[in-house]
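Participant: Show me the folded form of this:
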Amino acid sequence: MNDKENNKGIDYGMGTVNIDKDNNIRFGVIHQNEVLQAWCDSSEGFYPCDDCEVAEDDRENGGCDCCEPTSFVVKDGEYIAESDDYGDIFITKSPYYTRAQFCSPCAPGACYLTNPCDDGEKAYCFGPDWFEDGKVPYPVYKVEDDTRIDKVE
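Facilitator: Model (predicted):
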C-alpha cells in the first residue's frame, strides 16, 4: 500500500458540508467518464426555468429558448446524484459507500471516489452495476449492514 492509500487528506469542510447529517456519510465525487454509459442512460437534465411558459415536456425536448439544463441529475429512489460543469458527479444518497480521500478545497468535506483510502471517511458511491463489466475502482459496502459487495465470492 502506498502513501496515497494511507493518507485520507484534509477535511476542508470541517465536518459541516458535503455530508449527510443523518448518518455522517460524506458525499462521493466521481468523474462522469468513470460511469459514462450508465450516467447517460440514467440521468436527466435539470432545468432551472420554472417560470417559463413553455410546457415542461417541450422544455426538456429543446423547445425552450430561455433555458438549458444547468446540470444532469439522478433521483431514482436508490440514488441521488448531480453533475457539475466540470464533469464531476456528486452522489448525495446511495445504498452503498466506500472509504476514500477527501477532495481538494473545490469540494470541501466530500471524498473523491477514485482515490480509495483504507482509513478514509465513508462516502456514498455507485454500485458495481454502474461500471463496465462491474469493475469498480474502489471497495463497495452496503450502507444498511456494512457488507462488502464488490468482491466475487
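
Participant: All the helices of the protein, residue numbers only.
Facilitator: Listed in chain order, the helices of the chain (DSSP state H) span 3-6, 36-42, 56-60.

Participant: which of the ones you listed has the lowest average pLDDT?
Facilitator: When those are compared by mean pLDDT, helix 3-6 comes last with a mean of 52.

Participant: Residue 100 is in contact with residue 121, isn't it?
Facilitator: Yes: with contact defined as CB atoms under 8 Å, residue 100 reaches residue 121; the gap is 7.4 Å. C-betas here are computed from N, CA, C, even on glycine.

Participant: So between those two, which is more surrounded?
Facilitator: residue 100 (28 against 23; other CB atoms under 10 Å).

Participant: Across the sheet, point out what pairs with the residue nearest to that one when sequence neighbours are not counted.
Facilitator: Distances taken as CB to CB, 6 or more residues apart in numbering place residue 111 nearest to residue 100, at 4.0 Å, with adjacent residues excluded. For residue 111, the beta-bridge assignment (DSSP bridges) gives partners residue 28, residue 102.

Participant: ok, residue 111 touching residue 26?
Facilitator: Yes: under the criterion of CB under 8 Å, residue 111 lies in contact with residue 26, with a separation of 4.8 Å.
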